[in-house]
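In: Below are the sequence and a predicted model for it; my questions follow.
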Amino acid sequence: MKTEAALDWKTEAWMKALAKTQRNVKRIGDGFPHASQNGRYELEAPHWWTAGFWPGMLWLLYTGSRDEELRAAAEACERRLDDVLNDYVRLDHDLGFMWTLTSMASYKLTGNETSKIRALKAANYLAARFNIKGRYIRAWNPWIEGEDNAGLAIIDCSMNTPLLFLASEISGDPRYRHVAEAHMDTVVRDFVRPDGSVYHIIRYDPATGERLEGLGGQGYAPESAWSRGTAWALYGLTLAYHHTGKQIYLDTAKTVAHFFLANLPEDHVPYWDFRAPDEARIYRDSSAGACAASGLLLLAEKAGAVEASIYRTPAQRILESLYRNYGAWDDDNEEGLILHGTSHVPEGRNIDVPLIYGDYFFVEGLARLQGQGPFYWE
Ligand code: GLY
């Protein structure tokens, strides 16, 4: 009697992620999902920082499937972002997240010259946010009239600097790389603590560049350890090493990775803050797990053969646990792929829900496990 060979979990996970996304694209199309509430992804305005993750995930799944509906939606999202790029006023440091996963992805995959120009425009705006005195990329613009946040830099921006490294690569002009390196040097010096945990926000005096204080931001407290921020640092530093070969980035990425891994609970998926007290910890952040897993897989490649398994094995464990324990595979009433993401506890927003960046990094991690690039940050 013929029996069907069991698929391994990675193949199974990929097929389920693809099937769910093929269903989702029919409703979401060129929209910009962020958090899923009551089973449906809420769509944000295109200028929101998460706008790149849905099209980025569509490109990843398109690469593995050649499903043209996915590609068409990714390209439509990229075109919709033109209004944001041309509007200028809403642009902040998240230009990197937004245009790396749309225009840079499209240019890498298809050679589309219009996408290349968009990516370079975005890189120019991002580079222009550099504060020369403080050697950091400014995070946000004022949220309210008169607010002064010109001195704030955040760890998330570690994932925005790849756009600058890539802009230097494709334009032949080293200026973008200089800015990216200066900012990542600041991350190493000012954001990463000796134990490998990180600050979310550092406030500088924007006029003199003096470092004033660390702030809690999306973490529990200034001296706590927000898990997604830790993942941004881990992955961003590894990417900075990939683009520059500078040993300090690799060494620091390893320090951050060891902190992250040493603080995981039994099911390998982090709480939202590693150092929040027990009564405040409660929620997991599956998106931090997914992002760290994909970063760890790149770190495993960069660390060399002898050390690779130190990073690859736990990355696989995280992804497998996300698949088996956090996946919403059999729930047709849930658009999210991965449950239990936590966006912003201090502001009480999007807690314990699927988040589009959790879905994105889960799929990216699977693609890495299967050797199925290219990866747009590289
Ligand atoms: N501030 C971006 C994030 O939630 O990670």
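Out: On my side now, so go ahead.
In: and residue 117, how many residues sit next to it?
Out: 12 (other C-beta atoms under 10 Å). To be clear about C-beta, it is placed using only N, CA and C from the backbone, and glycine gets the same treatment.
In: can you tell me the helix or strand for it?
Out: According to DSSP states H and E, residue 117 maps onto helix 113-127.
In: Put the alpha carbons of that helix into PDB.
Out: Backbone C-alpha positions of helix 113-127 (Å, rounded to 0.1, in the frame of the first residue of the first chain) are rendered in PDB as follows:
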ATOM      1  CA  GLU A 113      14.200  51.200 -12.800                       C
ATOM      2  CA  THR A 114      11.300  53.100 -11.400                       C
ATOM      3  CA  SER A 115      11.600  51.100  -8.200                       C
ATOM      4  CA  LYS A 116      15.300  51.900  -8.000                       C
ATOM      5  CA  ILE A 117      14.600  55.600  -8.200                       C
ATOM      6  CA  ARG A 118      12.000  55.400  -5.500                       C
ATOM      7  CA  ALA A 119      14.400  53.500  -3.300                       C
ATOM      8  CA  LEU A 120      17.100  56.100  -3.900                       C
ATOM      9  CA  LYS A 121      14.700  58.900  -3.100                       C
ATOM     10  CA  ALA A 122      13.700  57.300   0.100                       C
ATOM     11  CA  ALA A 123      17.400  56.800   1.000                       C
ATOM     12  CA  ASN A 124      18.100  60.500   0.400                       C
ATOM     13  CA  TYR A 125      15.300  61.500   2.800                       C
ATOM     14  CA  LEU A 126      16.600  59.000   5.300                       C
ATOM     15  CA  ALA A 127      20.200  60.200   5.100                       C
END
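In: quick one: buried residues of it?
Out: 115-116, 118-123, 125-127 (16 or more other C-beta atoms under 10 Å).
In: That one - contacts with which helices or strands?
Out: Judged by 3 or more C-beta pairs under 8 Å, 6 or more residues apart in numbering; DSSP states H and E, helix 113-127 is in contact with helix 82-87, helix 95-99, helix 105-110, helix 161-171, helix 175-186.
In: what's the following helix or strand after the helix or strand where residue 202 lies?
Out: Using DSSP H and E, residue 202 sits within strand 201-204. Downstream of strand 201-204, the first helix or strand assigned by DSSP H and E is strand 211-215.
In: so after that next one, what's the next helix or strand?
Out: As assigned by DSSP H and E, the chain's next helix or strand after strand 211-215 is helix 227-244.
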